[in-house]
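Visitor: Have a look; sequence and predicted model below, questions after that.
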Amino acid sequence: MRFFKSVNIDFIRNRYKFFVVSGLLFLVTIGAFIYRSGPNYGIDFTGGILMQISFQDKVVLQDVRKAVEESGIGSFELQSSGNLIIIRAKKNLKSQEEFEDSVKSSIRSKFPDNPFNIERVEYVGPTVGEYISRQAIYVFLFAFLGMIIYIAFRFKSSLWGLASIIGIIHDVVISLGFVILVNKEINITVIAALLTVAGYSINDTIVLFDRIKENLRLLGKEDFATLINKSINEVLVRTVVTSLTVFIVACSLFFLGGEVIHTFAYIMVIGTVLGVFSTIFICVSLIYEWETRKSKRLKNAIKQGVVRSK
Amino acid sequence: MKINWKLWISIVLLAFSVWVLWPSFNWAIMSVEKREQAEKEKDPILGKLLKLGLDLKGGTHLLLEIDASRLDGSVKIKDAVDRAIEIIRNRIDQFGVTDPMIAKQGDKWIVVQLPGIRDPKAAKDLIGKTALLEFRIENTSEEAKRALDLIYEKKITPAQYRENPSLYPDIKAVMPEGASVFETKRDVIYCVLDKALLTGAVLANAKVEFGGEYQHGMVVSVEFNKDGGRIFEHITERNIGKNLAIVLDDVVQSAPVIRAKISRGEKAVIEGNFNSDEAKLLAAVLRAGALPAPVKLIEERTVGPSLGDDSIKKGFMSSFIGVILVFLFMFIYYRSSGLIADLALALNLIILMAIMTYFQFTLTLPGVAGIALMLAMSVDANVLILERIREELAAGKTARVAVDMGYQKVFWTIFDANFTTLVAAAFLFQFGTGPIKGFAVTLSIGLIVSMFTAVTVTKLIYELLFKENLLLKIKI
């Protein structure tokens, strides 16, 4: 079985259209930022307390809100689905134990006939929150740097390395935008998902770069645009098949994986599409723009006699 | 010859993996009662299972910070942390937790992981108690009395004074050298005590006993070791008629008058109006030893057993279905060659799990994410190879040549892609916090295994098929 036999799409000629698409996606990201007034950082980064409570019977969110308000813990956020309630407090003056006890006793007195279970408690002190944020930034920074160096070494051009990292940043930032858009919390799981997107994106980019490199060697005399188009078309089937398999796994996790894995799968689904998009329309187009300008400059220089042609 | 050693390595790896995973497989099909029984009896099978992170199986993760400002000037922070870890381990052992993990993180942080505990509060009390036991002589000099009067006058607590004496220069001026002020078990009665003469470090044992002043409460009796006994004898000899205060975590528990010299080998008794749980806890922490400085809880993550169960079930079920769908897709799309790729994928997963189990790495939720990415790249490797073989076949090559060329041409692509990701994973492992580390571990091990299974093993299968003349034409 095969999806399509041979294709011949002129990706390079249409690159500006896709730059526009990419620009629109960035606009969505910026819009999400403004609309949600910045990312909703989880307590992993801000420090704070999270309690997840499951009631035996369904509860009305308003009643729970009232009960928690009466416990006097200060400002908090509530989130519910069915008989499950999540309480989050980012800035609280009470100690973690006091917080837990006052919430518990207040809820117990408000819902005497509805026993509940504390399913999850997370407390992150402010110093730990800072530490985790700092580590997350280091992780991205060093991982990117390591990848740039290796790709620059393999493709003998720091520009190729840079282009692939721009592709990754493109994917990671827009994925983040989509997380903010649906007002999901940025926590460690989101960071792991964004790293997965980055990994998938770089994998895709390298496969295409390798094909371009191979074709440069075999058909070096051909026009650069034709050569790139040929390379993209040649690996297109592979790209579709691979993306589809990732997509299948991501969808399975999204629909069946349960609440903990839900955000992760959501980001994977978006990241898979973005990874393919950025490879073809961002990384390769950037290289095309750069290489053609470089050779134009070279031709001009030869014309003016600054550089002598061989 | 070449086929031979590759075949042997594959067979040995597979056999090793099955052997390592066998206990985990048995555990998975065991009933809940049997598992509980095995846990109670500390069955050796427990040490041979795939370790799951607390986010998957439930439990409590604590991060503690040692208060360096309260350390004795002569003690190095590194030694203090090491000592604290040892003591916390002793305390947890008394609590009876299966498979706890206690480790240092950074300079002054200690990670404590307690899988499957049902009462995190009790565990926190046990771990967090400093249990600094001190024996101090009460100072009844005129200066001490004046200092005490000033403290009552200013309505400050002894703790406020001790925290920063220079804020109260007038009190500091009259306070006798080395002495300080402490709360007692009764409200708003403070007393001034000289510097500690003896600490809990010289204890040999601590036990709960009935008795005390009115013979109806619980007391904790402590026995000294040889050095402690000698010092204690010395102190009591020189301070007859004075009050000896027994101070636990900066609170005076009792302050009996020394009537006579207490000679070696005799016990001291801590009276503090304890109920039986308090007395037991105190005896336990005294036996385990005092922390070199107080610790502060700076992070806690507790996942209840029901949520843990739920995420295991759903997480594994959804991953399993996802993988099966990918297997099916590969088979439908690439026919028998897809089946060979599936075989390699399955082998990849089995070897990865076996390595995780054998080296006792922990599988966490971000770890499952790492496996998802690794699988995607492993599938990609096979798709790359198969598409390349199709291209070569389309160019009119024979099956044998097409397969050889296919592998040869994409090898470096696969290597580059995997290696770049490995570079990133190495940084994640180095700089990442706990959960990110879990991601890096499964991803990097999985990718290394994938290089073997997706490339070497599949190629081997083709070579074997060609050799036996089972495969003359290839259908992809």
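Guide: Here it is on my side, so go on.
Visitor: which stretches of chain A form helices?
Guide: Applying DSSP state H to chain A gives helices spanning A:15-35, A:43-46, A:61-70, A:96-110, A:126-154, A:158-181, A:188-218, A:224-256, A:259-278, A:284-303.
Visitor: So for the shortest one, mean pLDDT?
Guide: Looking at helix A:43-46 alone, the average pLDDT works out to 88.
Visitor: For the helices of chain A, give me CSV that also has distance to chain B.
Guide: In this view, the C-beta of every residue, glycine as well, is placed from N, C-alpha and C. Conversion of these to CSV gives the following (distance: least, CB to the nearest CB, whole Å):
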stretch, distance to chain B
helix A:15-35, 22
helix A:43-46, 9
helix A:61-70, 18
helix A:96-110, 7
helix A:126-154, 4
helix A:158-181, 8
helix A:188-218, 4
helix A:224-256, 3
helix A:259-278, 5
helix A:284-303, 15
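Visitor: Take the ones you listed and write them to JSON lines, including mean neighbour count.
Guide: Written out in JSON lines, the entries for these read as follows (neighbours: other CB atoms under 10 Å in any protein chain shown):
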{"stretch": "helix A:15-35", "mean neighbour count": "14"}
{"stretch": "helix A:43-46", "mean neighbour count": "22"}
{"stretch": "helix A:61-70", "mean neighbour count": "15"}
{"stretch": "helix A:96-110", "mean neighbour count": "17"}
{"stretch": "helix A:126-154", "mean neighbour count": "18"}
{"stretch": "helix A:158-181", "mean neighbour count": "22"}
{"stretch": "helix A:188-218", "mean neighbour count": "24"}
{"stretch": "helix A:224-256", "mean neighbour count": "20"}
{"stretch": "helix A:259-278", "mean neighbour count": "23"}
{"stretch": "helix A:284-303", "mean neighbour count": "14"}
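Visitor: Looking at those helices, which is nearest to residue B:182?
Guide: Checking those against residue B:182 by CB to CB gives helix A:96-110 as the closest, at 24.0 Å.
Visitor: returning to what we had before: so for residue B:165, which of the helices of chain A sits nearest?
Guide: For these, proximity to residue B:165 was assessed by CB to CB; helix A:126-154 is nearest, at 26.2 Å.
Visitor: name the helices or strands packed onto the closest one?
Guide: If contacts are counted by 3 or more CB pairs under 8 Å, 6 or more residues apart in numbering or on different chains; DSSP states H and E, helix A:126-154 sits against helix A:43-46, helix A:158-181, helix A:188-218, strand B:295-303, helix B:399-431, helix B:434-450.
Visitor: picking that back up, so which of the helices of chain A is nearest residue B:206?
Guide: Minimum separation from residue B:206 across the helices of chain A (CB to CB) falls at helix A:96-110, 25.8 Å.
Visitor: could the helices and strands packed on helix A:126-154 go into JSON lines alongside distance to residue B:378?
Guide: Formatted as JSON lines, the entries for these read as follows, by distance: least, CB to CB, whole Å:
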{"stretch": "helix A:43-46", "distance to residue B:378": "30"}
{"stretch": "helix A:158-181", "distance to residue B:378": "20"}
{"stretch": "helix A:188-218", "distance to residue B:378": "11"}
{"stretch": "strand B:295-303", "distance to residue B:378": "30"}
{"stretch": "helix B:399-431", "distance to residue B:378": "9"}
{"stretch": "helix B:434-450", "distance to residue B:378": "4"}
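Visitor: any weak-confidence spans in the chain?
Guide: Unless you meant another one, I'm taking chain A. Counting by pLDDT under 70, chain A contains low-confidence ranges at A:5, A:92-94, A:260, A:305-310.
Visitor: my bad, chain B
Guide: Within chain B, the stretches falling below the threshold (pLDDT under 70) are B:1-3, B:72-73, B:187-188, B:212-216, B:264-266, B:272, B:471-476.
Visitor: what's near enough to touch residue A:195?
Guide: Residues in contact with residue A:195, defined by CB atoms under 8 Å, 6 or more residues apart in numbering or on different chains, are A:139, A:140, A:143, B:424, B:428, B:436, B:439.
Visitor: thinking again about what came up before, closest one to residue B:458 among the helices and strands packed on helix A:126-154?
Guide: Of all those, helix B:399-431 sits nearest to residue B:458, with 8.5 Å by CB to CB.
Visitor: near chain A, anything from that closest one?
Guide: Yes - applying CB under 8 Å from any CB of the partner chain, one finds helix B:399-431 touching chain A at B:409, B:412-413, B:416-417, B:419-421, B:423-424, B:426-428, B:430-431.
Visitor: If you count contacts, what does that helix end up packed against?
Guide: Other elements packing on helix B:399-431 under the criterion 3+ CB pairs under 8 Å, 6+ apart are helix A:126-154, helix A:188-218, helix B:365-394, helix B:434-450, helix B:458-467.
Visitor: thinking again about what came up before, out of the contacts of residue A:195, which is nearest to residue B:358?
Guide: Using CB to CB, the contacts of residue A:195 come closest to residue B:358 at residue B:439, 19.8 Å.
Visitor: Next, count neighbours for that closest one.
Guide: Neighbours of residue B:439 under the rule other CB atoms under 10 Å in any protein chain shown: 30.
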